[in-house]
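S.K.: any chance you can model this:
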Amino acid sequence: MVACSTVQCAAEISISVNSIDQKERDPMIAFALDDLHAAIKARELTDLSLSLDLNPEGLVSEAFRIEVAGKRINIIGGDKVGLMYGVLDLAETISLYGISEIKEIEEKPYLEKRGLKMNIALDGRNPAYSDAGTAAQQNIPVVWDLAFWKDHLDHLARNRYNVFSLWNMHPFPSLVKVPEYPEVALHDVMRADFSTEEWKTFNRKFKPSGANMVTPELEQKLTVVKTISIEEKIEFWRQVMQYAQERGIEFYIITWNTFTWGATGKHGITQDTKNDITKDYVRKSVIALFETYPLLAGIGVTAGEHMKGMKTAEKERWLFETYGRGVMDYLEKEPDRNIRFIHRYWWADLNDIVAEFQPLIDRNVTFDISFKYAKARLYSGTKPTFSDEVFNDELPEGKRMWCNLRNDDIFIMRWANPDYVREYILNLPGRDKSPGFVMGADGYVFGKEFICKHPDTAGKLEIDKHWLNYKLWGRLGYNPQLKNDHFEKAVADRFPAADSRSLFAAWKKSSQIIPLVNRAYWNDWDLLWHVESSGALKKNGQHTIQRMLERSSAMEGSGIVSIKQYIQQAAKGEQVEGMTPLQVADELDELAHQALQELPKYESGSRELKETTDDIRSMALLGMFYADRFRGAVHYGIYQKNKDIKYKEAALKNLGESLDHWKTYAALIAENYKPQLLARVGWVDMVERTKMFEQDIETVRQEK
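M.R.: Have a look, this model is predicted:
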C-alpha cells in the first residue's frame, strides 16, 4: 500500500490513508479518526501503525475488515461508510478494552437500512401528529439548531444507523419556495404561546385525524421563537443533509395527506382533494423539494387520516397525480438522480397502489412499501404476526416493505434488553422482502428532553439519555451477533462507579416487564394506551378496573389468555389453554424481584447513574403494580359472575397492594421527572393518577 497522506495522532502513532482523494480532509473519515485519536490519547498508546484503505471489490457496501500484523493495523472498507465504521469499531475497542483486545474481524450490515423516524415539530403552522404535547412544543426551536443535528447525527453514525426520516403533515411551507405559489413559503419559526392549562384544553379538543391541529385559537397565540427567512431555512436544511451524508446517513421526508397546513387559503389552496389548484400546488412542491435538496434520498406518502370518504383507488389516483407526477416531472430534468419513493400501507390497497403508481415504478426510482410492523407497540413481542399475511401473500412481486417500528410505549424510563432486540432483529423479514426498519414514536418527539428535574440531565439529547437503547437497535441491526458482554462493557465505561455486572443484569430483567404487560393487556394504538402511565386519551376512557374487564385482549400470537377470556372460562370451570393472567402476574413479580435483587444500591457516581438505577427500580415497581392489578381484575371479574365473597376480598387485597406499588412508583418518577402533556394520551402526572386507582378500590368495595 502506498500512503497518500499521513496523520500523526500521538507519539510514534502514524495513520496512513490510501485510495481516498484528499483523505485527511474527508469529513466522514475525519469524524471517525477524531474518535480514534481520543481513544488513543486516553489510553496513552504509542508505537502503533494504522493503514486505511478502500476495497469495494472485496467487501460489500458499509462492510469493513480489520487486519492485525504485529503493531500494524489495517482497516479496509467496502466503501467510505464501511471504512468509517471500521475506524469507529477500532476506536471503541481501544476505548473499552485497550490495544490487547484488537482482533482480526470482518463485519457487514445484517439489515440494509437501519433508521429512525421523527414526527418533526417544524412550526406551529406546520404541525406533525405529536405537536399537542410538551416534547413537540419544546423541540420546535431545537430542530432549527444545527448544533443539535450535528450531535444527534454523530450519535447515529457511531451506532451504525444509516437512515433518518422526518415526518410532518405538510412540511413544504417550511422547507421550499414554490415559484408558482410564492405566498406559501413561511418565514420565521413560530410556536403557540399557550399556558400548560391551555395546552391541556387544546389536547382534549384534538381530533385523532389531525383535522384541527391548526385552529384560529392556536393561530392567535403564535409567537416567533426564531427569526429566519425561507432562504435561510433552505440553507439550514441543506447543511443538515450535508452533515448527514458525511455520517453515512440518508434523509427522507414522509407526509400524511391531504393536509395543507401553512398553505391553506393562499392562492386558492384548500384541503379539498377535488381542488385542482391544491393538486397542482402539491405536485409543484414535490418538484421544488427535490430541486432544492440534491442530497434528499427520497419521499414517503400516506393515504392518510385526512382522506376518509375516498375509495382506495381514488386515494391512490390523487397521490399519484400529486406526489408521483411531481417526482416524474423532476426526473424529466434530472434523469440520473436516484430517488426512493416509499408508500405507506395504511388505509390503502396494495393492488391499487401498484396500479396507479405503475408509471412511476417504471421510471428510475426505487418504489417501496412501508407497514406498521408492530402497530404502536414495539415493546411487546419479538415476532409480531400482524404483517405475516402481507409479507407472505400480498406483497407485489419485486417489491419490498419497510418495517415501521412504532414505539409509543416508553418515553420516560431508560430501557435496555439486548436479548429482546437481537431476537426482534433476527425475526424481521429478510432482505428479499424488506430493506430494514425505521423506528420512532408518533406521540413523542425524541429531540432534546424537557422533563428531567435535575440540571445535570435537563435538556440533554434524548438519544443520549436513552443511549443504551439506541445503541442496541443500531448496533444489533448492523450485527446481531454482537455479544451481550460488549454492551455490559459499555455500561461499565459509562458508569465506572457502578457494579456493571449487577447493573446490567438488573437492567435486562426490568426491561422485560413492559413487553410482558403489553402482550398480556393488548391495545393496538397510541391513543388507547400508554403503559408507563397506565393511561389513555380521555375520550377513549381511562383504564379503570371495569374497563380492563370489558376491553381486555392479549397480543395476537403471544400464547397468553386475556383477562376477559380467562374469567369467562374460569367461571365456567373450563380448562384454560395458554399462559393465564395469573401466571403473567407471577412472572411480572419474579422479574421485578430479580431486578431489585440484582440492582446495586446507588451510593456514589454521576447524576445519570442515579437516574438510571431509579428508572430500573421504577420499571420493577411498575411490574409489581401490574401484577397485582391483573390479579385484582381477575378476582373482581370472577366475583361479578359468581358473587362468591372470597373473590371480592381477594380483589380488594390485590388492588390495595397494587395501589401501594403505584404510590411508590409515582413518587420515584416525580423525584426525577416533571409531569408532561403527551400528544396522543393527554396530561400525565403519575401522582395525580393515583386517584383513579383509589377509586377502583371503592368501585369494587361497593359492588353488590
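
S.K.: buried stuff in stretch 265-285?
M.R.: By neighbour count on 16 or more other Cβ atoms under 10 Å, the buried set for stretch 265-285 is 266, 269-271, 273, 278-285. Just so you know, the C-beta spots here come from the backbone N, C-alpha and C atoms, and that holds for glycine as well.

S.K.: can I get the residues you listed in JSON lines with distance to S49?
M.R.: Output for the buried residues of stretch 265-285, formatted as JSON lines (distance: Cβ to Cβ, whole Å):
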{"residue": "K266", "distance to S49": "62"}
{"residue": "I269", "distance to S49": "63"}
{"residue": "T270", "distance to S49": "66"}
{"residue": "Q271", "distance to S49": "63"}
{"residue": "T273", "distance to S49": "64"}
{"residue": "T278", "distance to S49": "63"}
{"residue": "K279", "distance to S49": "62"}
{"residue": "D280", "distance to S49": "62"}
{"residue": "Y281", "distance to S49": "59"}
{"residue": "V282", "distance to S49": "57"}
{"residue": "R283", "distance to S49": "57"}
{"residue": "K284", "distance to S49": "56"}
{"residue": "S285", "distance to S49": "53"}
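
S.K.: of all those, which comes closest to L33?
M.R.: Looking at the buried residues of stretch 265-285 and their distance to L33, the nearest is S285, at 40.1 Å (Cβ to Cβ).

S.K.: so that closest one, which of the three states?
M.R.: Assigned by DSSP: H, G, I helix; E, B strand; the rest coil, the conformation of S285 is helix.

S.K.: can you tell me which residues contact the residue nearest to it when sequence neighbours are not counted?
M.R.: Counting by Cβ to Cβ, 6 or more residues apart in numbering, F172 is the residue found nearest to S285 once chain neighbours are left out, at 4.1 Å. When contacts are counted by Cβ atoms under 8 Å, 6 or more residues apart in numbering, F172 is found next to 178, 184, 262-263, 282, 285, 288-289.

S.K.: on that earlier part again, now the buried residues of stretch 265-285 in CSV, with pLDDT?
M.R.: Output for those, formatted as CSV (pLDDT from 0 to 100):
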residue, pLDDT
K266, 97
I269, 98
T270, 96
Q271, 94
T273, 94
T278, 98
K279, 98
D280, 98
Y281, 98
V282, 98
R283, 98
K284, 98
S285, 98
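
S.K.: dump those to TSV, plus secondary structure.
M.R.: TSV is the format used below for the buried residues of stretch 265-285 (three-state DSSP):
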residue	secondary structure
K266	coil
I269	coil
T270	coil
Q271	coil
T273	coil
T278	helix
K279	helix
D280	helix
Y281	helix
V282	helix
R283	helix
K284	helix
S285	helix
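
S.K.: under the pLDDT cut-off, which ranges of this structure? List them.
M.R.: 1-24, 538-541 (pLDDT under 70).

S.K.: please tell me how far the spatially closest residue to T612 that is not a sequence neighbour sits from R701.
M.R.: Excluding the flanking residues, the one nearest T612 by Cβ to Cβ, 6+ apart is R414, at 5.6 Å. From R414 across to R701, the span is 37 Å (Cβ to Cβ, to the nearest Å).

S.K.: neighbour count winner among these two?
M.R.: Taking other Cβ atoms under 10 Å, R414 and R701 do not tie; R414 has more neighbours (22 against 11).

S.K.: secondary structure element holding that one?
M.R.: Secondary structure from DSSP states H and E places R414 outside every helix and strand.

S.K.: kindly report the same for F693.
M.R.: Using DSSP H and E, the element containing F693 is helix 686-702.

S.K.: touching that helix from outside, list them.
M.R.: 533-535, 542, 544-546, 632, 636, 648, 651-652, 655-656, 658-659, 662-663, 665-667, 669-670, 675.

S.K.: ok, and for that helix, which residues are buried?
M.R.: For helix 686-702, by 16+ other Cβ under 10 Å, it's 686, 689-690, 693, 696-697, 700.

S.K.: distance to A30 added to those, as TSV?
M.R.: As requested, the buried residues of helix 686-702 are exported to TSV (distance: Cβ to Cβ, whole Å):
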residue	distance to A30
M686	45
R689	50
T690	53
F693	55
D696	59
I697	62
V700	65
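
S.K.: ok so, going back, quick one: contacts for the residue nearest to T612?
M.R.: By Cβ under 8 Å, 6+ apart, the contact set of R414 is 465-466, 468-469, 507, 611-612, 615-616.

S.K.: ditto for E394
M.R.: Applying Cβ under 8 Å, 6+ apart to E394 gives the contacts L350.

S.K.: in helices, which of the contacts of helix 686-702 fall?
M.R.: Among the contacts of helix 686-702, the members falling in helices (DSSP state H) are 545-546, 632, 636, 648, 651-652, 655-656, 658-659, 662-663, 665-667, 669-670.

S.K.: restricted to buried residues, select those residues in PyMOL.
M.R.: The following PyMOL line selects those of the ones in helices among the contacts of helix 686-702 that are buried, judged by 16+ other Cβ under 10 Å:
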select buried, resi 545+546+632+636+648+651+652+655+658+659+662+663+665+666+669
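
S.K.: just checking, T613 touches L596?
M.R.: No - between T613 and L596 there is no contact under Cβ atoms under 8 Å: 10.6 Å.

S.K.: neighbour-wise, which of those two wins?
M.R.: The neighbour count for T613 versus L596, taken as other Cβ under 10 Å, is higher for T613 (21 against 17).

S.K.: the more buried one in helix, strand or coil?
M.R.: Put simply, T613 is helix when judged by three-state DSSP.

S.K.: would you mind measuring from it to Q597?
M.R.: Going from T613 to Q597 by Cβ to Cβ gives 13 Å.

S.K.: looking at it, V176 is touching A185, isn't it?
M.R.: Yes - shown here, V176 and A185 form a contact pair, counting by Cβ under 8 Å, at 7.1 Å.

S.K.: between these two, which has more neighbouring residues?
M.R.: More crowded of V176 and A185, by other Cβ under 10 Å: V176, with 25 against 22.

S.K.: for that one, give me phi and psi.
M.R.: V176 adopts backbone torsions of phi -140, psi 160, taken as degrees, to the nearest 10.

S.K.: check contacts around it.
M.R.: 185, 234, 285, 288-289, 292.

S.K.: with Y665 instead?
M.R.: Counting by Cβ under 8 Å, 6+ apart, Y665 touches 618, 621-622, 625, 686.

S.K.: before we move on, the earlier item: what's the most distant pair in the buried residues of stretch 265-285?
M.R.: Longest span within the buried residues of stretch 265-285, Cβ to Cβ: K266 and T273, 17.6 Å.

S.K.: now I638: closest residue in space, sequence neighbours ignored.
M.R.: The nearest residue in space to I638 (Cβ to Cβ, 6+ apart) is Y647, at 4.7 Å.

S.K.: tell me the contacts of the one you found?
M.R.: Contact partners of Y647, counting by Cβ under 8 Å, 6+ apart, are 635-636, 638-639.

S.K.: most neighbours among those residues, please name it.
M.R.: Within these, Y636 tops the neighbour count with 26 neighbours, counted by other Cβ under 10 Å.

S.K.: skip the chain neighbours and tell me the closest residue to that one.
M.R.: A651 (4.0 Å).

S.K.: burial count for S229?
M.R.: Using other Cβ under 10 Å, S229 is surrounded by 12 other residues.
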